[in-house]
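Participant: turn this into a structure:
(chains A, B, C and D)
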Number of protein chains: 4
Amino acid sequence: MKIPVAILGATGMVGQRFVSLLAHHPWFEVVALAASERSEGKRYGETVHWLLPDPLPPKLAEMRILSPDPEQLAEAKLVFSALPAEEARQIEPHFARAGKVVCSNASAFRMEPDIPLLMPEVNPDHIALIEIQRKNRGWQGAILTNPNCTSSGLTVALKALDTAFGVQRAFVVSLQALSGAGYPGVASLDILDNLIPYIPGEESKVETEPRKMLGQLSQGKVVEAPLRLSAHTNRVPVLEGHTVCASVELEQPADVESAAAVLENYQAPSLARDLPSAPRPIILLRREPDRPQPRLDRMSGHGMTTVVGRLRPDPLFHLKFVVLSHNTLRGAAGGSIYNAELYARYVGWK
Amino acid sequence: MKIPVAILGATGMVGQRFVSLLAHHPWFEVVALAASERSEGKRYGETVHWLLPDPLPPKLAEMRILSPDPEQLAEAKLVFSALPAEEARQIEPHFARAGKVVCSNASAFRMEPDIPLLMPEVNPDHIALIEIQRKNRGWQGAILTNPNCTSSGLTVALKALDTAFGVQRAFVVSLQALSGAGYPGVASLDILDNLIPYIPGEESKVETEPRKMLGQLSQGKVVEAPLRLSAHTNRVPVLEGHTVCASVELEQPADVESAAAVLENYQAPSLARDLPSAPRPIILLRREPDRPQPRLDRMSGHGMTTVVGRLRPDPLFHLKFVVLSHNTLRGAAGGSIYNAELYARYVGWK
Amino acid sequence: MKIPVAILGATGMVGQRFVSLLAHHPWFEVVALAASERSEGKRYGETVHWLLPDPLPPKLAEMRILSPDPEQLAEAKLVFSALPAEEARQIEPHFARAGKVVCSNASAFRMEPDIPLLMPEVNPDHIALIEIQRKNRGWQGAILTNPNCTSSGLTVALKALDTAFGVQRAFVVSLQALSGAGYPGVASLDILDNLIPYIPGEESKVETEPRKMLGQLSQGKVVEAPLRLSAHTNRVPVLEGHTVCASVELEQPADVESAAAVLENYQAPSLARDLPSAPRPIILLRREPDRPQPRLDRMSGHGMTTVVGRLRPDPLFHLKFVVLSHNTLRGAAGGSIYNAELYARYVGWK
Amino acid sequence: MKIPVAILGATGMVGQRFVSLLAHHPWFEVVALAASERSEGKRYGETVHWLLPDPLPPKLAEMRILSPDPEQLAEAKLVFSALPAEEARQIEPHFARAGKVVCSNASAFRMEPDIPLLMPEVNPDHIALIEIQRKNRGWQGAILTNPNCTSSGLTVALKALDTAFGVQRAFVVSLQALSGAGYPGVASLDILDNLIPYIPGEESKVETEPRKMLGQLSQGKVVEAPLRLSAHTNRVPVLEGHTVCASVELEQPADVESAAAVLENYQAPSLARDLPSAPRPIILLRREPDRPQPRLDRMSGHGMTTVVGRLRPDPLFHLKFVVLSHNTLRGAAGGSIYNAELYARYVGWK
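Facilitator: Coordinates of the predicted model:
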């Protein structure tokens, strides 16, 4: 018996990724799709501007779009949210109150103390925060969040290094794909033969979210990691895959080969290890001088693997490297689904 | 009377920029074009794969290509070199020995102690090194070099800040244009919907050249500046204009507004101030959140101005900002010509 | 004394081209800018998303945006319209009724029998239609239109051939630039590594507008040319410059060299010959096998020249060739201004 | 038992597609890889510049590159050729003489009267030409060719219409992907924000190859179809997938709905129907106004299906439509493999 799920914001870029990934998921079955008023009542296939190269799953194409209302989606036990931040802030709590577990890709609640910001291969134990959350808020359901698409791959690499050597400071500069801005998102006239060295709100997310995920859960609270970050974020004319150049300062200096070994051998905590969406491998270390590259490497591990390359000494800190992560798979829809799998395992549904 | 000049490597990307800029130069007149054996004897217009939007100057189109040999180019007093590094290492000294002043864009001699690495708006006094150079090498002519295209704009911004506050350390990540790789250079199959996080030899240039240019000339030697740099260099699908994200640590901390004033008011040393190619302004500070952008800003000051934007506090060091500079104008041919103008002024020709 | 003019729809792509071209026009002076309600009352420089590489003219940047209402723009004698078709249909007649001469880039009135569809280098005599128009409609002012951006260059080439040999049928396939869709226009996610073989409403314009322009004005009516066209229109990832592949059937067969001579020697009718925006030359014939190309050739003749290349025999009809024309200059704002100059000459203002 | 095969020209764009497609082929097993001298003796994985998103098959990565010599490749029964035309003209006959069946993607022999130019879904009966070929040339083996990448999809669409209505004349304009020019192929500086309206040698191939494939085999000769074509070919910044705009004149006029039915219901001749690479479906007819698009539709039917869209009346001929076909799959490596499967079935190996 599959677990019935619904998708909020099903017509956008990330919503489409949810639809595509959940159409054949071994544990979950999509029973409802919700989107904005404009689409309500229409068939999904007729209202979505489908942008993925894999075909729109015919069964889901036939579904009628519902409004994002817990009563309309009563059948679903889990709800995936691809809503914009402001709508998420309004709508997701209604679902949590109505007993649904919301796996949200939105930034609205990520930094709230009683809401887990989760990557199963990094901090699966933070899921226990939902007990506090339910107590605090009187919810039967819960909200689980996954990080910003740029924080995602970066945090996996930092986690591996932090566990082994301690990470004190990191400079990170992102070169981010167009799909991260949603659809229609970036106008072609703004980005062809160009780049934009600014993404609203992004730098502060990248400077804070990894600290929460690398923090320790202690007495019902996450104590943020002492790591300090400085981020520059840029939009570049690439369809999918966020690239991050990072320079890190370690507590215990490490040479390139020890760091390489740590990255390559990194394993998820056992709770998260054999979930259906677990990246295989968690980290792929490329040793060619010119990799990772987004078009060639973004689909590593079905788009869930964090790809690291160009590991070398840093003249100011200790190590420099490049991280690539698929922003709408590991960094968005795939991440939320992986979180939902962690929840299903945590509560014993699977 | 204009000064007769020749161009070595006239058919490549940078060579074309020399041709275009020198066709109407107020002080210089092109009397000869040289290129590789393959082109020798052909008319320039028939052998060059002209890539610039401004039309090929008809007079130069008619010139026959010569071989890069001082006897063939005897008429020229100044020689501009757009040769690849290895050829420059062989060929440029022949010209210097034969009494020519070589203004070279090649990396071959940039870091030699008696060869000036010059940006007139930064360190025009370093031109005095040619006296040492002539004594050391017994040359009648000389070699003057301009920095790597990525170092160029970055060094201008660092100079302004260094003069005012002292710069101790800097993290810099470049997003570099395709023209920097020459022609045919980067294959379209490698870069469409992609980026390449690696440019051979580039990072070490960016980590060392600014130190020499910001250094003090003392007793016939350049004492490198104590500034330390860490660079990541990336190729992105942009035609022209290198963008650099920088985070800097200052000796005397400065807030954003003081730094903005320093950048905006930066003036070239007086020797370099009224040369024909002097950027007007030297630095353009943009205050919009999303500028500079290469396609929109690369032609600022006829492609000679360094454009700085997104000046803001850095959480780890003191300041973060973005620098844009036109890589084949200020960062290559325009820079060599500006150096030649400095030389002409220095020796009293103009 | 310059003629006072206003611009409707001043903030869009074509509106920006009007602003840029009129800032230094020898005959016209911009006295007012109008745009949609959202921008009303704001300074132009603060509300426009300026996309051109040449800087926003400072004087116009300071102007306050007005509403597109003849009373507000009373000072202007000529009004340039970059409005969308539906708004143009509503708004332009108010101006014509109020005595203004509207030079419109919109498609709304192009095919109306008493509205001239004008290219001064093709059919300047059609301007006489405004007498009929004023009589029919009781207007003091008038509406003059310029053709669709794809029809523009194509019609110039067809006119030269038609005058010499008669053109009976033509197949035309366009590869159109992104700026033709306005701003934000085409989403980058829709066009990177892609093309779209469809542009709403475009094919019927290309199949009809040239027939009106090549028609004869006789007894107050344009008798359409017998030429028949079949068009396929495509959007490609190019910023500016529409390319058209054409195969034409002639009344009197002509070989490539005669046709080349006819194209190269084509002159505008005398009324239009020495206007400030007259293309110089009208047609540039390129004889290289691989030209014209949009990025290299779109600025020929300041973006007003029609560039023709690859002239060769056609196995089914008589001749094949490629036409390139700058879509927001000759094909839009530049074309409207050229029409306004024709009007100013026609009525004796200049 | 799988049939042992070799690949000539294994390191290029099309060679890589052969490697990728044959790594898991149900009938064929790659036993040898050959490439130019420069690569000889090296491991394939170390010398190839792998451009495909699917990983390089590890077993083939380990193979040593051989020289393209029948003795070195003696083990193979079938040889796939991705050689450039001139090399193919020299090398392929050695293999045919040595008893190998060469399935060639090169243009060298396509139009020779005794060499079949084959698409199994179009003219599988033409394979019988190899009997004549062997008699004429005294070969034990044979050469089979597949058409040019642009002719491929176009010919499938024309075949369906020709069978039903007769096709007399067609205008075709291609918008071709970068991969069609091989690697490194088109320089990024030539194609970003640009297109090139010229591909050397391409138009004559597109104007002749379909006539041979639609011809009748009669008394050991192919009588070319009376169809006449006019082609314009263009390179556009798209990675994979050639788009063709076509206008066709029919012998028996047909309306859009009858033509749509004919295209959708087109079946391969029975000999070719259940081969492993047979496209499923042969033709996919898209009814949206803006499809097919290369990035969204090129992988239809694993890149083997011909996608037709925008079927509508043509004002000069009878019908207009757009054809999309994956140029390195159906139009190159996939086509050669499909031909090899046809051969294996024809001679009873499978």
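
Participant: CA only for contacts and neighbour counts going forward, please
Facilitator: Will do.

Participant: for the stretch 1-150 of chain A, just list every one of the helices.
Facilitator: Secondary structure of the stretch 1-150 of chain A (DSSP state H, counting those that start in this stretch): helices located at A:13-22, A:44-47, A:58-61, A:85-97, A:129-137, A:149-165.

Participant: can you show me the strands along the stretch 251-350 of chain A?
Facilitator: Listed in chain order, the strands of the stretch 251-350 of chain A (DSSP state E, counting those that start in this stretch) span A:283-286, A:306-313, A:319-325.

Participant: what parts of the stretch 151-300 of chain A come near chain C?
Facilitator: Residues of the stretch 151-300 of chain A lying near chain C by CA under 8 Å from any CA of the partner chain: A:178-179, A:183-192, A:237, A:239.

Participant: from D:Gly309, how far out is A:Ile337?
Facilitator: For A:Ile337, the distance to D:Gly309 equals 36 Å [CA to CA, to the nearest Å].

Participant: okay, those two: which has more neighbours?
Facilitator: Neighbours per residue (other CA atoms under 10 Å in any protein chain shown) separate A:Ile337 from D:Gly309, with A:Ile337 holding more: 26 against 23.

Participant: the residues of the stretch 151-300 of chain A next to chain C also near chain D: which ones?
Facilitator: Subset of those in contact with chain D: A:Leu192, counting by CA under 8 Å from any CA.

Participant: in CSV: the residues of the stretch 151-300 of chain A next to chain C, plus neighbour count.
Facilitator: Compiled in CSV, those are given as follows (neighbours: other CA atoms under 10 Å in any protein chain shown):
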residue, neighbour count
A:Leu178, 28
A:Ser179, 22
A:Tyr183, 19
A:Pro184, 19
A:Gly185, 15
A:Val186, 21
A:Ala187, 20
A:Ser188, 27
A:Leu189, 25
A:Asp190, 21
A:Ile191, 24
A:Leu192, 23
A:Pro237, 30
A:Leu239, 23
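
Participant: in JSON lines, list the residues of the stretch 151-300 of chain A next to chain C along with distance to C:Lys320 and pLDDT.
Facilitator: Shown next, in JSON lines, are those (distance: CA to CA, whole Å; pLDDT from 0 to 100):
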{"residue": "A:Leu178", "distance to C:Lys320": "39", "pLDDT": "98"}
{"residue": "A:Ser179", "distance to C:Lys320": "40", "pLDDT": "96"}
{"residue": "A:Tyr183", "distance to C:Lys320": "39", "pLDDT": "94"}
{"residue": "A:Pro184", "distance to C:Lys320": "38", "pLDDT": "95"}
{"residue": "A:Gly185", "distance to C:Lys320": "39", "pLDDT": "97"}
{"residue": "A:Val186", "distance to C:Lys320": "37", "pLDDT": "98"}
{"residue": "A:Ala187", "distance to C:Lys320": "34", "pLDDT": "98"}
{"residue": "A:Ser188", "distance to C:Lys320": "31", "pLDDT": "98"}
{"residue": "A:Leu189", "distance to C:Lys320": "31", "pLDDT": "97"}
{"residue": "A:Asp190", "distance to C:Lys320": "35", "pLDDT": "97"}
{"residue": "A:Ile191", "distance to C:Lys320": "34", "pLDDT": "98"}
{"residue": "A:Leu192", "distance to C:Lys320": "31", "pLDDT": "98"}
{"residue": "A:Pro237", "distance to C:Lys320": "35", "pLDDT": "98"}
{"residue": "A:Leu239", "distance to C:Lys320": "36", "pLDDT": "98"}
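
Participant: chain D: which of the helices of the stretch 1-150 of chain A is closest?
Facilitator: Distance to chain D, taken as CA to the nearest CA, is lowest for helix A:44-47 among those, at 10.7 Å.

Participant: helices and strands around the closest one, which ones?
Facilitator: Applying 3 or more CA pairs under 8 Å, 6 or more residues apart in numbering or on different chains; DSSP states H and E, one finds that helix A:44-47 makes contact with helix A:58-61.

Participant: now for the helix it packs on, which elements pack on it?
Facilitator: Contact here means 3+ CA pairs under 8 Å, 6+ apart; on that basis helix A:58-61 packs against helix A:44-47.

Participant: with only the CA atoms kept, save the helix it packs on in PDB.
Facilitator: What follows is helix A:44-47 as a C-alpha-only set of coordinates in PDB (Å, rounded to 0.1, in the frame of the first residue of the first chain):
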ATOM      1  CA  TYR A  44      -3.000  19.400 -15.000                       C
ATOM      2  CA  GLY A  45      -1.900  18.600 -18.500                       C
ATOM      3  CA  GLU A  46      -3.700  21.400 -20.000                       C
ATOM      4  CA  THR A  47      -2.600  24.100 -17.600                       C
END
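
Participant: just how off-centre is that helix within its chain?
Facilitator: 26 Å (CA atoms, centre = their mean, to the nearest Å).

Participant: coming back round to it: which stretch among the strands of the stretch 251-350 of chain A comes nearest A:Ser104?
Facilitator: Proximity to A:Ser104 (CA to CA) singles out strand A:319-325 among the strands of the stretch 251-350 of chain A, at 18.7 Å.

Participant: how far does that closest one sit from the chain's center?
Facilitator: When C-alpha coordinates are averaged (CA atoms, centre = their mean), strand A:319-325 and its chain have centres 17 Å apart.

Participant: in stretch A:310-328, what counts as buried?
Facilitator: A:310-328 (16 or more other CA atoms under 10 Å in any protein chain shown).

Participant: what do you get for stretch A:19-27?
Facilitator: In terms of neighbour count (16+ other CA under 10 Å), stretch A:19-27 has its buried residues at A:Val19, A:Ser20, A:Leu21, A:Leu22, A:Ala23, A:Trp27.

Participant: now, among the residues you listed, which is nearest to A:Phe165?
Facilitator: Using CA to CA, A:Leu21 comes nearest to A:Phe165 of these, at 35.5 Å.

Participant: coming back round to it: pick the one among the buried residues of stretch A:19-27 closest to C:Arg280.
Facilitator: A:Ser20 (54.8 Å).

Participant: from what I can see the closest one touches A:Leu56, true?
Facilitator: Yes. Between A:Ser20 and A:Leu56 there is a contact at 7.1 Å, judged by CA atoms under 8 Å.

Participant: neighbouring contacts of stretch A:15-33?
Facilitator: Among residues not part of stretch A:15-33, those counted as contacts by CA atoms under 8 Å, 6 or more residues apart in numbering or on different chains are A:1-10, A:44, A:50-52, A:54, A:56-57, A:60, A:63-66, A:73, A:75-76, A:80-82, A:276, A:328-329, A:333-334, A:350.

Participant: which ones are touching the residue located most distally from the centre of chain A?
Facilitator: Distance from the C-alpha centroid of chain A, by CA atoms, centre = their mean, peaks at A:Pro315 (31.4 Å). Residues in contact with A:Pro315 (CA under 8 Å, 6+ apart) are B:Arg228, B:Leu229, B:Ser230.

Participant: show me what the host helix or strand of A:Arg211 is packed up against.
Facilitator: Element membership for A:Arg211, per DSSP states H and E: helix A:202-213. When contacts are defined as 3+ CA pairs under 8 Å, 6+ apart, helix A:202-213 packs onto helix A:149-165, strand A:228-235.

Participant: neighbours of the closest residue to A:Val322 other than its chain neighbours, how many?
Facilitator: Closest residue to A:Val322 apart from its sequence neighbours, by CA to CA, 6 or more residues apart in numbering or on different chains: A:Cys245 at 4.6 Å. By the criterion of other CA under 10 Å, A:Cys245 has 27 neighbours.

Participant: can I assume A:Cys245 sits in a strand?
Facilitator: Yes. If the criterion is DSSP: H, G, I helix; E, B strand; the rest coil, then A:Cys245 is within a strand.

Participant: contact partners for it?
Facilitator: Counting by CA under 8 Å, 6+ apart, A:Cys245 touches A:Val172, A:Val173, A:Ser174, A:Lys320, A:Phe321, A:Val322, A:Val323, B:Val173, B:His232.

Participant: ok, so of these, who is nearest D:Met304?
Facilitator: Distances from D:Met304 to these, taken as CA to CA, are shortest for A:Val323 (34.7 Å).
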